[in-house]
Structures are given as structure tokens and as C-alpha cells.
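Enquirer: My questions are about this predicted structure, shown below with the sequence.
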Amino acid sequence: MKIPRQAGLPLISRIKIMSSLDIADRLRPQDGRARVAVNGQPIDLRVSTLPAQLGEKVVIRILDSRATVKSLDSLGLNPGEGEAIKRLLENHEGILLVTGPTGSGKTTTLYSCINQIKSEGVNIVTVEDPVEYRMQGIVQVQVQEKAGLTFAAALRSILRQDPNVVLVGEIRDKETAQIAVQASLTGHLVLSTLHTNDASNAVTRLVDIGVEAYKIAASLRGVVAQRLMRKLCTTCKEVWMEAPPERLRRWIPKGTPLYRAAGCPDCAMTGYRGRFSILEILTMTPELERLIAAGDAADRIAQAARRGGMKGLWESGLAHVARGESTLDELTRVVDIPAEDEDAPRGEKQRVSGATPAPAGAPGLRRSPAPGPLTPPEPPAPVSTHFDLLEEPAPPARRSGAHGQPASKVLLVDDEDSLRKVMRDLLERDGYIVTEARDGVQALDQVDRVGPDIIVLDLNLPGLDGYGVLSHLRSRPATANIPVIVLTAKGDEDNEVRVFELGADDFLTKPFRARALSARLEAVLGRRR
């Protein structure tokens with residue numbers, strides 16, 4: 001929204017009055033708080049003003065006290081990241097730090113951790129400024145600087161309350177850091193945040209504050225560096241037809257479908273809706289303890305952590321991009337591209353989508369499970385809702401393809417296991433060689449592996465839908481001429497026109513007749529021959 005210049009001063013004055021700030025003082029920065037009611041619900045605002053060349057700049061942070069505390073599983077983490085954090089939370093003493101810049105979701109992650117370990121008999125106390133989420137079953141302390149209730153003073157008192165877990169909103173100074181370290185060394189699990197760029201720099205930050213290196217080595221259990229990436233709107237995201245920039249190609253496995261933000265009313269024309277966390281998780285090992293106690297630099301600590309299996313923020317975000325959850329533009333906005341000499345190119349060594357954690361000693365590599373043939377379960381009894389095999393007798397089995405040609409290879413792409421099994425039996429009886437895929441990403445992988453002569457493609461697929469698969473096939477010279485028959489329950493005219501515009505060769509609706517499908521396959525293959 002663009003606000004008229006003449007409305008600027010009255011608007012800023014109104015915000016200052018709501019926040020109990022001095023409206024006459026326009027030459028000094030000010031911080032305040034306000035509470036407003038939206039639809040009858042109280043919303044807390046944190047207001048910051050800054051004198052600038054042409055006036056005052058005002059930033060308002062919105063704290064919805066009604067917001068529910070998320071679970072670790074709902075943060076949108078990659079496979080393995082949630083489990084790594086849960087293993088860190090199994091410690092009964094030590095420090096777990098969450099690091100990142102302002103507004104990177106550190107507090108939300110900490111509360112998700114508290115939600116994970118909260119139970120009867122576990123005494124959890126928090127010290128925060130402000131208390132952003134209200135949780136039942138834990139004691140929450142609001143810092144009051146003017147009254148002398150600082151982080152350090154509150155933390156010192158909390159330790160006399162016999163807590164099991166202590167959450168410190170932020171380690172800001174030497175006194176707070178030393179008390180937190182001392183608490184972790186005397187049998188408490190301490191969770192807190194720091195402002196650092198990555199996990200390994202949390203150690204040097206604590207040393208800069210004034211904590212002895214040997215105490216950090218003894219007390220630290222893990223560091224989680226975090227950023228927030230915007231999630232693509234599922235309503236309007238589009239397949240990105242262009243090749244990625246040269247400097248990014250080494251990170252993108254060949255054939256990985258990428259998306260771009262389009263914009264629609266659901267996402268206010270931004271192309272994005274919602275956010276998720278990308279993480280770098282450093283877990284302490286004996287080697288890291290020795291390096292930290294010896295006062296080694298952050299880059300040496302990071303190298304040792306990567307040897308122990310730590311994945312960087314870039315790799316975490318890249319995995320989300322490969323799954324179609326966000327864009328390369330968003331990733332490069334949030335995280336710097338690693339230097340050329342940092343590890344070997346991932347694009348050739350690993351498959352990001354569906355990757356499994358690397359074994360210890362080989363942190364730079366990931367192995368992707370080979371798709372292999374699917375083994376769908378037995379179809380349920382009532383299968384006639386999608387196809388009709390009852391009205392016509394089955395044709396005799398053939399050992400060769402249509403028109404006496406060698407048997408053709410057909411790729412079936414459908415997320416319904418029972419339907420794929422019946423279609424496979426039908427086509428194999430007609431002499432075709434059949435392979436299967438249950439989603440769009442697996443379909444593109446099978447195209448590269450098998451080289452089918454024709455594809456039968458459903459539109460409604462998990463992850464990458466049929467439109468995206470079709471667009472991707474037609475955008476690549478190697479697959480542009482593979483015939484595609486679209487098979488879908490969306491039998492309306494708009495869908496039919498759209499798939500033909502994207503390059504489909506035929507359009508078949510569910511439920512379908514067995515002989516009709518065979519005839520369509522033969523006709524399309526005959527035209528291509």
C-alpha cells in the first residue's frame with residue numbers, strides 16, 4: 001500500500017500514542033508496545049521507530065497471543081531434521097541453542113521443542129521478553145527491565161526453583177551466558193537463542209561474550225541454525241520452463257522439476273503462502289569438544305561438524321526446492337550460495353529429492369533409493385468406478401505390439417494403486433511392456449530410466465501434478481516427442497483444452513472401457529510411427 005505523504009505524520013503520531021511513546025521526540029529511536037482488538041481478539045504489537053532523512057521509519061511486529069504452539073512435525077522440516085532435534089532433546093542436561101537473525105522463527109522452534117518434552121513431572125520454566133506464546137503446564141516469566149527483573153536476575157532465581165528445563169528467551173550478555181552455562185553443568189537442560197549466521201559461529205559468539213571455551217565444550221549439546229523460506233502457493237505455482245542460472249546448475253540434479261511463483265487471489269498475487277524452516281543442525285561429538293576446548297576457529301568447527309554428518313542451510317533449502325515447495329529465487333534470497341571450493345558439486349553426487357541421511361564419515365553424499373518396480377496392494381473388490389471391464393470380452397493375448405511391431409513400452413502414471421494394477425494387467429495382456437509411477441517426480445525419473453514409447457498420465461497426482469509433468473516433458477528436447485494420453489476424472493472442456501495446449505496427444509476420461517484404451521494406445525502409436 002502506498003500512503004499519501006501528507007498522511008505520514010498523523011499516522012506515525014497515532015501509532016506513537018497507541019504505544020505510549022513521545023510524539024514530540026522525532027530525533028531519537030523509540031521502542032514501545034500496544035494492544036489492539038481485531039474481531040474482538042487482542043493482538044499485541046511491538047513498535048520501533050527510527051529517525052530517517054525524510055521523516056521517521058516505523059516497524060510493527062505482530063504477536064498473536066492466540067497462536068497455538070506448533071509441534072516439531074508441523075514446522076515443515078526435511079526428513080531427518082526433526083529426528084535430529086528430538087535426539088538432542090533427549091539430553092537431561094546441557095545447552096541447546098537456536099541461532100539466526102531477528103524474525104527467523106527461533107522462538108517458535110524453541111516452543112516446539114518445549115511442546116515435545118512437556119509432560120507431567122517435568123518442571124519447565126521460561127524467561128522471555130516478551131512472552132509470545134502462552135502454554136499450559138509450564139511457568140513463564142516476563143522480563144521487566146525497569147523493575148530490575150533482567151534475564152540474569154530471573155535466571156538466577158529460577159535455578160532455586162528446582163527446574164528440569166529452563167528456556168531463556170535470548171542470551172544477550174556475559175552474566176546471562178555464564179549463569180546459563182553454569183545451570184547446564186549442574187543438571188539442567190537449558191534452551192536459548194543467539195544471533196549468529198550459522199551453527200558453528202554460535203561457539204565464537206559465546207567466547208566473544210566472555211564464556212570460557214572449556215565450559216562451552218563441556219556444556220553445549222547442539223546448535224540449530226535457522227532461516228524461514230516462503231512456501232509456494234499450491235493453487236497457482238507453475239513449472240519453471242527455463243534452465244537455472246549457470247552458477248546454480250551444479251546444485252540441481254538433472255531432470256529435477258523446478259517451479260516459479262505465479263500469483264492468484266488465494267496468495268494476494270504474491271505466489272507464496274505460508275513459510276517453513278530450513279535448518280543447520282550441529283550435534284556435539286568428541287572431536288568437536290576437543291576443537292572447541294582448544295579455541296579453534298568457526299570454520300574448523302564447521303568442517304568437523306560436516307564430517308560428522310551436518311548439512312548446511314543451503315542443502316536444507318535445496319531439498320525443499322527439489323520437492324517443489326519453494327523456488328530457487330527464494331532460496332538465494334534467504335541463503336548465500338556456497339563457494340565453489342566448498343565440498344564437491346552436489347548436483348552430480350546426490351539426489352536431493354527423497355534423499356536419505358548420509359552415513360557417518362561421508363557427509364557430502366546422499367543416496368537416493370532406486371525407484372524400482374512398484375508392488376501395489378491387491379485392488380479392492382469394487383473397482384468399476386474408474387473403469388469398465390464387464391461389458392466386453394477380453395481380447396486374446398498378443399506377444400507383439402500393434403501392427404506386428406515389437407512390443408511397445410508404456411509408462412502408467414496414477415496415484416491409485418488398484419487402478420494401476422488393473423491397467424497393467426490389461427496392457428500386458430495386449431503385449432505391452434509396462435512400468436509404473438505413482439507421482440509426478442517418480443514419473444519423470446522413470447522416463448529417464450526406461451525411455452517409454454508412450455505415457456498414460458493422470459492429472460491429479462501428489463506433489464508434481466499431471467500438468468507439471470506434461471509441461472516438463474514438452475520443455476525437454478529428449479522427451480518432447482514422447483506421446484502422452486491424459487487419463488483423468490476431470491472430464492470438463494477446460495481441462496481437455498488445457499492439456500491439448502500443453503501438448504497431450506489424446507484425452508481419455510474415467511471411467512474408461514478396456515478396449516477403448518487399447519485402441520487409443522494403438523492409434524496414437526500408429527500416428528507417431
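Expert: Right, received. Where do you want to start? Remember, it's a predicted structure, so these values are computed and weren't measured experimentally.

Enquirer: quick one, strands of the stretch 51-200 of the chain?
Expert: Counting by DSSP state E, counting those that start in this stretch, the stretch 51-200 of the chain has strands at residues 55-63, 94-99, 124-128, 139-142, 165-168, 189-194.

Enquirer: so which of those comes closest to Leu502?
Expert: strand 55-63 (41.1 Å; Cβ to Cβ). Quick note: C-beta positions are derived from backbone N, CA and C, even for glycine.

Enquirer: Contacts made by that closest one with the rest, please.
Expert: 8-9, 12, 15, 26, 43-51, 103, 130, 132 (Cβ atoms under 8 Å, 6 or more residues apart in numbering).

Enquirer: I'd like the strands of the stretch 51-200 of the chain as TSV, with mean pLDDT appended.
Expert: Output for the strands of the stretch 51-200 of the chain, formatted as TSV (pLDDT from 0 to 100):
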stretch	mean pLDDT
strand 55-63	89
strand 94-99	95
strand 124-128	90
strand 139-142	89
strand 165-168	92
strand 189-194	93
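
Enquirer: Compare the ones you listed and report which one is nearest to Arg307.
Expert: Between Arg307 and these, the shortest gap by Cβ to Cβ is with strand 94-99, which sits at 20.6 Å.

Enquirer: now the angle between strand 189-194 and the closest one, please.
Expert: 20 degrees (axes from the mean of the first three to the mean of the last three Cα atoms, to 10 degrees).

Enquirer: Please point out which parts of the longest helix along the chain sit buried.
Expert: If you go by DSSP state H, the chain has its longest helix at helix 514-528. Of the residues in helix 514-528, those buried by neighbour count under the rule 16 or more other Cβ atoms under 10 Å are 514-515, 517-518, 520-522, 524-525.

Enquirer: what's the nearest residue to Thr150 once chain neighbours are set aside sitting at in phi/psi?
Expert: Nearest residue to Thr150 in three dimensions, chain neighbours excluded: Val143, at 6.4 Å (Cβ to Cβ, 6 or more residues apart in numbering). Main-chain torsions, Val143, degrees, to the nearest 10: phi -70, psi 140.

Enquirer: one step back: inside helices: which ones of the contacts of strand 55-63?
Expert: Filtering those for helices - DSSP H - leaves 8-9, 12, 15.

Enquirer: Generate a PyMOL selection restricted to the buried subset of the residues you listed.
Expert: Those of those that count as buried under 16+ other Cβ under 10 Å are selected in PyMOL with:
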select buried, resi 12+15
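
Enquirer: Reformat the ones in helices among the contacts of strand 55-63 as JSON lines; add pLDDT and distance to Val165.
Expert: Converted to JSON lines, the ones in helices among the contacts of strand 55-63 look like this (pLDDT from 0 to 100; distance: Cβ to Cβ, whole Å):
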{"residue": "Gly8", "pLDDT": "87", "distance to Val165": "46"}
{"residue": "Leu9", "pLDDT": "88", "distance to Val165": "48"}
{"residue": "Ile12", "pLDDT": "93", "distance to Val165": "42"}
{"residue": "Ile15", "pLDDT": "94", "distance to Val165": "38"}
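
Enquirer: I'd guessed Ser112 sits against Ser71; true?
Expert: Yes: between Ser112 and Ser71 a contact is recorded at 6.0 Å, counting by Cβ atoms under 8 Å.

Enquirer: neighbour count winner among these two?
Expert: Higher neighbour count among Ser112 and Ser71: Ser112, with 22 against 12, using other Cβ atoms under 10 Å.

Enquirer: which residues sit in contact with Val211?
Expert: Counted by Cβ under 8 Å, 6+ apart, Val211 has contacts 174, 177-178, 181.

Enquirer: does it count as helix, strand or coil?
Expert: coil (DSSP: H, G, I helix; E, B strand; the rest coil).

Enquirer: Find the nearest non-adjacent residue to Leu27, please.
Expert: Pro51 (5.6 Å).

Enquirer: mind listing the helices for the stretch 151-300 of the chain?
Expert: Taking DSSP state H, counting those that start in this stretch as the test, the helices found in the stretch 151-300 of the chain are 151-158, 174-185, 201-209, 213-219, 246-249, 286-293, 298-307.

Enquirer: er, the stretch 351-500 of the chain I mean
Expert: Counting by DSSP H, counting those that start in this stretch, the stretch 351-500 of the chain has helices at residues 417-429, 440-450, 466-475, 493-502.

Enquirer: For those, could you give me CSV that also reports mean neighbour count, distance to Thr509 and mean pLDDT?
Expert: Shown next, in CSV, are the helices of the stretch 351-500 of the chain (neighbours: other Cβ atoms under 10 Å; distance: least, Cβ to Cβ, whole Å; pLDDT from 0 to 100):
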stretch, mean neighbour count, distance to Thr509, mean pLDDT
helix 417-429, 18, 13, 84
helix 440-450, 21, 20, 84
helix 466-475, 22, 13, 85
helix 493-502, 14, 9, 84
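
Enquirer: Take the ones you listed and lay them out in a markdown table including distance to Gly317.
Expert: Shown next, in a markdown table, are the helices of the stretch 351-500 of the chain (distance: least, Cβ to Cβ, whole Å):
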| stretch | distance to Gly317 |
| --- | --- |
| helix 417-429 | 32 |
| helix 440-450 | 18 |
| helix 466-475 | 20 |
| helix 493-502 | 29 |
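
Enquirer: one step back: ok, what's across the strand from the residue nearest to Leu27?
Expert: Glu56 (DSSP bridges).

Enquirer: ok so, going back, compare the helices of the stretch 351-500 of the chain and give me the one nearest Val335.
Expert: helix 440-450 (22.9 Å).

Enquirer: tilt between the closest one and helix 466-475?
Expert: Going by the same axes, to 10 degrees, helix 440-450 is angled at 30 degrees with respect to helix 466-475.

Enquirer: so how far is helix 440-450 from its chain's centroid?
Expert: 23 Å (Cα atoms, centre = their mean, to the nearest Å).

Enquirer: Against which helices or strands is that helix packed?
Expert: Packing partners of helix 440-450 (3 or more Cβ pairs under 8 Å, 6 or more residues apart in numbering; DSSP states H and E): strand 409-413, strand 433-437, strand 454-457, helix 466-475.

Enquirer: Quick one: list the elements packing against the second one.
Expert: Going back to what we said before, that points to strand 433-437. In terms of contacts (3+ Cβ pairs under 8 Å, 6+ apart), strand 433-437 is packed against strand 409-413, helix 417-429, helix 440-450.

Enquirer: As TSV, these with distance to Arg87 would be great.
Expert: As requested, the helices and strands packed on strand 433-437 are exported to TSV (distance: least, Cβ to Cβ, whole Å):
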stretch	distance to Arg87
strand 409-413	37
helix 417-429	34
helix 440-450	29
